[in-house]
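# A structural model of the following input is requested.
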Amino acid sequence: MAGWWLKQSTFPCDRRGRLMSGMPITDRQVRRYMEQRRLGVTQAVAAAKAGFSERTARRVEGNPVLPSQRVGKRRKRTRADPFAGVWAEEIVPLLRAIPHLRGTTMLETLQRQHPGRFADGVLRSLQRRIAYRRATEGPERELIFRQEHPPGEQALSDFTDASSLAVTIDGTPFPHLLYHFWLAFSGWQYVKAIQGGESFTALTAGLQEALWQLGAVPSTHRTDRLSAAYRNLRQDDDAAAGYRAFCDHYGLQPTRNNPGVSHENGSVEAAHGHLKTGLREAPRLLESLRTPEGGPIPPNTLDEMRRELARLAILREQIAAIEQARLDRLQQAPQTEPQAMVRRLVSIIGVGVETADMLVHQVLSRHLRDRRAVARYAGLTGSPDESGARRREKGLAKSGNARVRRGLIQLAWRFLILQKDSALAQWFRRRTEGAKGARKTTMIVALARKLLIALWRMVRTGEVPEGVVLRQPA
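Prediction:
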């Protein structure tokens, strides 16, 4: 009876009327089988009416759980492997040679080597494969809590120092910053090299070019507490007039980080790290680069690039050795006069070992007559022009030590951030705030001069500048 019914059914059967194996059963089949069993039908007939074999029926009665509610591992792939033929042959050897190679860099390399084969949509699959391999065969992974950002809502801008990349032009170091624009949801980014500081011109030029390349405008634009965009005189909205007009022109709502909360700019800060990591990984994939015509890089060009990278590696080793030797001198001879001066300066929050060592050996350890001589040596005094009764200032003399002058101006800007309650920082704010205040770029030179004299007195007499916060002794 059961065999006749199977032959007349529409379920997949072989020539003898037996159900074909390998077909997963459904919740509907299980419910129909259990219903027939409650009506008193035999196991064979109930299984035949449900559309599966008696062996499956015995398994269902032993575990009467619907298939959709069973937890089990998937035993086979549901789609073709997009990395078949390249995973073991190309990807795994690269991961062994460069353990921390990112998925984005790997995908870009595959797209160059196999044009048209790998779409951008396989990036997540590649990242999962690489992450699984690292979890099973590599070092331990870090725990990351991802942030949620709605699409089209927030864009972030920030500047990052690119000196660690050691870029040179014709053998000459190229000091520059990178302006980095980042969409929080999609990760779309735009990078522009900036020669100079974090100025209003650099911010607006980079942001405008990023919006033009993007072809759209997000709702909000977030930065840190850039002096080029905000006056930072109060907690509420105090965007500078030029920056406010720029944002109004493009329909952006400007926002900034809260003071002292560094992780609020975490999205773009993380993007800085990914960008620099990608730039550092690029030299190790020189052979995979292609010309605009699709051909390989000429051998002479590759050799020249390798030589440049070798010189860069030597330079980095020398810099690391110099920094380590400086720390060793501080530990081995802490009581000698130069080293004692360095340790005294380093006790100030905001002054690092490199800055302190430069100031001590360039100017503070010299026997200068008075504070005027100290300021003149650094080139931080004016150059008066006198003719009869007429007297006018021609600006900064710049006749002293240029290295000290540059370092002091950078230190003065840093001092305003890390020593806000000091008498020097309050003096600067009083001179620059308000509509009639002096320009900050002019007054920062005066602050650098006062700061140099205060540090000179500190290393000579031990007098700590008023309001300056010192590090707690370890």
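# Please count neighbours and contacts with C-alpha atoms only from this point.
Fine.
# just the helices in the stretch 151-300 of the chain please.
200-214, 241-250, 266-281, 299-332 (DSSP state H, counting those that start in this stretch).
# Distance of Val464 relative to Leu451?
Distance check for Val464 against Leu451: by CA to CA, to the nearest Å, it reads 11 Å.
# least trustworthy helix or strand in the chain by mean pLDDT?
Here the helix or strand of the chain ranked lowest by mean pLDDT, DSSP states H and E is helix 2-8, holding a mean of 43.
# so who does Lys49 touch?
Listed by CA atoms under 8 Å, 6 or more residues apart in numbering, the contact partners of Lys49 are 32-33.
# so what pLDDT did it get?
On pLDDT, Lys49 comes in at 90.
# Assign a three-state SS to it, would you?
Following DSSP: H, G, I helix; E, B strand; the rest coil, the label given to Lys49 is helix.
# Pick out whichever of Val464 and Leu451 has more residues nearby.
Shown here are Val464 and Leu451; by other CA atoms under 10 Å, Leu451 has more neighbours (20 against 17).
# Buried residues, whichever strand or helix holds that one. List them.
Using DSSP states H and E, Leu451 sits within helix 440-461. Residues 440, 443-459 are the ones in helix 440-461 that count as buried (16 or more other CA atoms under 10 Å).
# One more: stretch 243-251?
Per 16+ other CA under 10 Å, stretch 243-251 contains these buried residues: 243-244, 246-247.
# Just the closest of those residues to Gln410, please.
Tyr243 (23.6 Å; CA to CA).
# circling back: next, format the helices of the stretch 151-300 of the chain as a markdown table and append mean pLDDT and distance to Ser347.
What follows is those, written out as a markdown table (pLDDT from 0 to 100; distance: least, CA to CA, whole Å):
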| stretch | mean pLDDT | distance to Ser347 |
| --- | --- | --- |
| helix 200-214 | 86 | 33 |
| helix 241-250 | 82 | 37 |
| helix 266-281 | 65 | 28 |
| helix 299-332 | 82 | 13 |
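# wait, which of these is closest to Phe83?
The nearest among the helices of the stretch 151-300 of the chain, by CA to CA, is helix 266-281 at 21.6 Å.
# Can you give me the pLDDT of Glu393?
64.
# helix or strand for Val404, which one?
Here Val404 is assigned to helix 402-418, by DSSP H and E.
# could I have that helix exported to PDB, CA atoms only?
What follows is helix 402-418, C-alpha atoms only, in PDB (Å, rounded to 0.1, in the frame of the first residue of the first chain):
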ATOM      1  CA  ALA A 402      66.400  78.800  14.000                       C
ATOM      2  CA  ARG A 403      66.000  75.300  15.500                       C
ATOM      3  CA  VAL A 404      65.400  76.700  19.000                       C
ATOM      4  CA  ARG A 405      63.000  79.300  17.600                       C
ATOM      5  CA  ARG A 406      60.900  76.700  15.700                       C
ATOM      6  CA  GLY A 407      60.900  74.400  18.700                       C
ATOM      7  CA  LEU A 408      59.800  77.100  21.100                       C
ATOM      8  CA  ILE A 409      56.900  78.300  18.900                       C
ATOM      9  CA  GLN A 410      55.700  74.700  18.700                       C
ATOM     10  CA  LEU A 411      56.100  74.300  22.400                       C
ATOM     11  CA  ALA A 412      54.200  77.500  23.000                       C
ATOM     12  CA  TRP A 413      51.200  76.200  21.100                       C
ATOM     13  CA  ARG A 414      51.300  73.000  23.000                       C
ATOM     14  CA  PHE A 415      51.700  74.900  26.300                       C
ATOM     15  CA  LEU A 416      48.300  76.600  25.700                       C
ATOM     16  CA  ILE A 417      46.600  73.200  25.500                       C
ATOM     17  CA  LEU A 418      48.400  71.400  28.400                       C
END
